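# missing the sequence, but the structure's below:
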């Protein structure tokens with residue numbers, strides 16, 4: 001390059017042109033052209049030529065990078081394995097590897113020393129510590145009711161946490177539980193571990209199940225805010241549902257108010273049904289379970305019934321089937337034997353609006369159970385019969401169909417009177433909806449109900465005969481020995497120490513009888529005369545009417561006799577010889593009755609003779625049994641002979 005500045009002029013293109021045309025350049029300008037060897041060092045030029053014509057040797061730059069300590073692939077992978085710790089796969093493994101009772105105790109002591117008046121901070125520190133130490137891969141899912149994650153802790157760990165929880169007041173425990181549920185939802189929405197919050201939730205619910213039901217509306221609001229995020233929403237259901245692990249009533253309340261409203265949402269249906277199954281199984285609830293008090297009120301039970309029979313048609317078929325299988329046990333604890341008489345009018349009112357056949361049958365069964373469980377239900381039916389005739393007709397038909405099951409409780413006079421009252425009303429109205437069904441049900445039930453009558457064995461008659469026989473035996477005993485004191489009966493009473501008491505009672509009865517007879521003889525004529533004087537003409541009218549009634553009865557009997565004779569004459573005209581045959585039958589019946597009466601008298605005399613012999617001592621006590629059996633056989637034979645004779649005579653005449 002030139003050491004001086006050069007001025008650029010317009011003649012320069014011309015010079016360039018001349019150069020291009022072969023014009024010679026000055027020596028000074030030729031000196032300015034340099035070669036690569038003149039500019040670069042000799043080593044660089046040599047390296048360049050070697051790279052171009054002999055590329056096999058390794059590049060110095062590459063060797064330099066290797067000498068600078070660049071890590072090789074295998075050492076890299078080995079170093080990563082060492083640095084990354086292995087995450088436990090189960091909660092039990094995480095507790096065993098990462099959790100120590102001493103660390104948990106020291107953490108609580110430190111937190112309580114730093115914040116002695118802030119129990120909520122103790123809770124947060126414990127939850128944060130457990131969340132950090134109990135991370136698993138995959139994340140742990142808690143059991144529906146009880147179980148993990150709290151069961152993974154040792155007994156000493158639970159004791160340390162429970163001591164901390166019990167130091168707080170009831171209001172603070174409610175705050176604890178609400179904080180656990182809210183933070184479970186919040187942290188889970190961010191993908192964080194919530195095992196610590198779940199453990200604290202379970203421990204709180206085990207000791208105080210009512211913590212959930214105390215502020216249940218807050219948990220309903222929290223569920224509503226997260227229900228479109230199924231993972232978080234299910235965690236809220238799980239947390240609140242832990243109250244049912246120790247308390248059936250709290251679990252049912254949570255299921256009714258928090259879980260049941262979301263049963264139609266497909267992400268929640270299975271959990272809601274599974275929770276109910278777990279709750280009933282945990283408390284050993286079956287269809288035969290009877291509680292002293294229902295676990296829910298009547299409106300909630302009606303909601304459950306609608307859910308089982310109507311709403312279940314809108315959910316998964318398997319879940320709907322499981323729900324219907326669980327319904328008998330749930331109904332058993334919901335109505336508690338139908339002892340609440342207010343249930344009857346509620347069910348009868350809605351019976352006419354039901355459309356599902358299974359629900360109609362279930363409602364009728366509940367109504368029948370109410371009638372058998374409490375008499376007050378019968379009173380409600382009396383009042384509602386006229387205004388709910390179609391529903392009453394359905395119930396009557398159901399009772400008629402299932403009479404064998406309800407008969408022991410309903411075959412009583414009160415229910416008989418109810419059916420008679422219903423029949424009277426049915427006869428007084430026409431063209432009313434449900435009248436035909438109700439009338440048919442009343443008639444069928446009236447025919448199945450038992451009617452008052454004599455029992456199969458004549459206890460009263462035999463008791464009366466036994467009393468008379470005893471009195472006769474005692475009388476014969478007294479006549480034989482002269483008086484009661486010397487009789488065998490009196491001697492027996494002395495032996496057992498009851499003679500004076502019986503004699504005193506007998507004397508009292510005799511005295512009172514004499515006094516009663518004297519009172520009747522003295523006062524009855526006076527009262528009769530007073531009635532005649534006060535009644536005046538009315539007394540005479542009554543006497544006259546009584547005479548007329550007697551005369552009318554005699555006249556009616558005479559007319560009946562004439563009518564019978566006229567009928568017999570007419571029958572004789574139709575069938576010649578019928579009158580004679582009827583007369584012969586009548587005579588045979590009379591004769592047979594007389595023979596039977598004679599046979600009966602003979603049997604009675606035989607029994608009387610046996611009694612006399614027994615009193616007189618003519619019969620040995622050892623032979624009493626044999627003689628009694630023999631005489632009983634004689635009486636039986638005489639009665640059978642008399643019956644056979646009458647039966648033979650009647651059969652011969654009828655032929």
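Everything's here; your move. Remember, predicted model here, so these are calculated numbers, not experimental data.

# which SSE is the closest residue to residue 185 other than its chain neighbours in?
Spatial nearest neighbour of residue 185, chain neighbours left out: residue 232 (5.0 Å); criterion: Cβ to Cβ, 6 or more residues apart in numbering. The way it works is simple: take the backbone N, C-alpha and C, and place the C-beta from them, glycine included. According to DSSP states H and E, residue 232 maps onto helix 230-241.

# buried sites along the helix or strand harbouring residue 121?
Assigned by DSSP H and E, residue 121 belongs to helix 119-133. For helix 119-133, a neighbour-count test (16 or more other Cβ atoms under 10 Å) marks 119, 122-127, 129-131, 133 as buried.

# and for the helix or strand just after it, what are the contacting residues?
Going down the chain from helix 119-133, the next helix or strand is helix 155-166, by DSSP H and E. The contact list for helix 155-166, computed with Cβ atoms under 8 Å, 6 or more residues apart in numbering, reads 95, 99, 101, 104-105, 108, 112, 119, 122-123, 126, 150, 153, 173, 176, 199-200, 203-204, 207.

# would you mark the buried spots in helix 155-166?
Neighbour counts using 16+ other Cβ under 10 Å place 157-158, 160-161, 164-165 of helix 155-166 among the buried residues.

# what of stretch 371-390?
Of the residues in stretch 371-390, 371-374, 377-378, 380-381, 384-385, 388-389 count as buried by neighbour count, 16+ other Cβ under 10 Å.

# what's the first-to-last distance across it?
18 Å (Cα to Cα, to the nearest Å).

# gap between residue 161 and residue 352?
56 Å (Cβ to Cβ, to the nearest Å).

# ok, residue 251 next?
34 Å.

# check residue 190 too.
Residue 190 is 53 Å from residue 352, where distance means Cβ to Cβ.

# the two - which one has more neighbours?
Between residue 190 and residue 352, residue 352 has the larger neighbour count (other Cβ atoms under 10 Å), namely 13 against 7.

# these two touch, right, the more buried one and residue 388?
Yes. Contact criterion Cβ atoms under 8 Å: residue 352 and residue 388 qualify, at 7.3 Å.

# OK, contacts around residue 149?
Residue 149 is in contact with 91, 134, 140, 142, 195, 198-199, 202, counting by Cβ under 8 Å, 6+ apart.

# let's see it at 7 Å
Counting by Cβ atoms under 7 Å, 6 or more residues apart in numbering, residue 149 touches 91, 140, 142, 195, 198-199.

# again with residue 358
By Cβ under 7 Å, 6+ apart, the contact set of residue 358 is residue 309.

# give me the phi and psi angles of the nearest residue to residue 273 once chain neighbours are set aside.
Excluding its sequence neighbours, the residue lying closest to residue 273 (Cβ to Cβ, 6+ apart) is residue 319, at 4.7 Å. Residue 319 adopts backbone torsions of phi -70, psi -40, taken as degrees, to the nearest 10.

# in which helix or strand would I find the residue nearest to residue 122 when sequence neighbours are not counted?
Closest residue to residue 122 apart from its sequence neighbours, by Cβ to Cβ, 6+ apart: residue 111 at 4.9 Å. Using DSSP H and E, residue 111 maps to helix 101-114.

# re earlier: what's the burial count for the residue nearest to residue 273?
A count of neighbours around residue 319, defined by other Cβ under 10 Å, yields 18.

# I'd say it and residue 266 touch.
No. Here residue 319 lies out of contact with residue 266, judged by Cβ atoms under 7 Å, at a distance of 9.6 Å.

# circling back: who are the packing partners of the helix holding residue 232?
helix 170-189, helix 216-226, helix 248-254, helix 269-282 (3 or more Cβ pairs under 7 Å, 6 or more residues apart in numbering; DSSP states H and E).

# by contact count, what packs against the second one?
To tie it back to what came earlier, the one meant is helix 216-226. Counting contacts by 3+ Cβ pairs under 7 Å, 6+ apart, helix 216-226 packs against helix 170-189, helix 230-241.

# what about this structure, any weak spots by pLDDT?
Scanning the chain for pLDDT under 70 picks out the ranges 1-85, 451-462, 528, 531-532, 534-543, 545, 550, 552, 555-655.

# go again with 80.
Along the chain, segments meeting pLDDT under 80 span 1-89, 137-144, 146-147, 450-494, 496-503, 505-508, 510, 517, 520, 523-655.

# can you give me the strands in it?
In the chain, no strands are defined using DSSP state E.

# quote the end-to-end distance of stretch 212-220.
Termini of stretch 212-220 sit 11 Å apart (Cα to Cα).

# buried ones in that stretch?
So, applying 16+ other Cβ under 10 Å, buried residues of stretch 212-220: 212-213, 216, 219.

# can you report how many residues neighbour residue 520?
Neighbours of residue 520 using other Cβ under 10 Å come to 10.

# tell me how far it lies from residue 529.
Per Cβ to Cβ, residue 520 is found 15 Å from residue 529.

# then residue 92?
Taking Cβ to Cβ, one finds residue 92 at 106 Å from residue 529.

# please apply the same query to residue 90.
For residue 90, the distance to residue 529 - Cβ to Cβ - is 108 Å.

# check residue 279 too.
Distance from residue 279 to residue 529, by Cβ to Cβ: 83 Å.

# circling back to that earlier point, and the residue nearest to residue 122, how far from residue 156?
Per Cβ to Cβ, residue 111 is found 18 Å from residue 156.

# and what of residue 263?
Taking Cβ to Cβ, one finds residue 263 at 41 Å from residue 156.

# repeat that for residue 273.
Residue 273 is 37 Å from residue 156, by Cβ to Cβ.

# what's the answer for residue 385, then?
In this view, residue 385 and residue 156 are 67 Å apart by Cβ to Cβ.

# same deal with residue 117?
Distance of residue 117 to residue 156, computed by Cβ to Cβ: 27 Å.

# same check on residue 347?
According to Cβ to Cβ, residue 347 stands 54 Å off from residue 156.

# likewise residue 440?
Residue 440 is 73 Å from residue 156, by Cβ to Cβ.

# residue 240 too?
Distance from residue 240 to residue 156, by Cβ to Cβ: 28 Å.

# next: residue 93.
18 Å.

# farthest-apart pair in the buried residues of helix 119-133, please.
Spatial extent of these (Cβ to Cβ) is set by the pair 119 and 133 at 21.5 Å.

# for stretch 489-504, buried residues please.
Using 16+ other Cβ under 10 Å, the residues of stretch 489-504 that count as buried are 489-490, 493, 499.

# from the residues you listed, which land in helices?
Taking DSSP state H as the definition of helices, the buried residues of stretch 489-504 contribute 489-490, 493, 499.

# can you report how many residues lie near residue 515?
Per other Cβ under 10 Å, the neighbour tally for residue 515 reads 10.

# just give the nearest non-adjacent residue to residue 183, would you?
That would be residue 197: by Cβ to Cβ, 6+ apart, it lies 5.3 Å from residue 183.

# wait, doesn't that neighbour sit right on residue 182?
No. Look at residue 197 against residue 182 with Cβ under 7 Å: they stay out of range, at 9.1 Å.

# more neighbours: those two, which one.
residue 197 (30 against 16).

# residues touching residue 142, list them.
148-149, 198, 238.

# among these, which one has the most neighbours?
When neighbours are counted by other Cβ under 10 Å, residue 198 leads the contacts of residue 142 with 28 neighbours.

# right, and that one touches residue 184 too?
Yes. With contacts counted by Cβ under 7 Å, residue 198 reaches residue 184, the gap being 6.5 Å.
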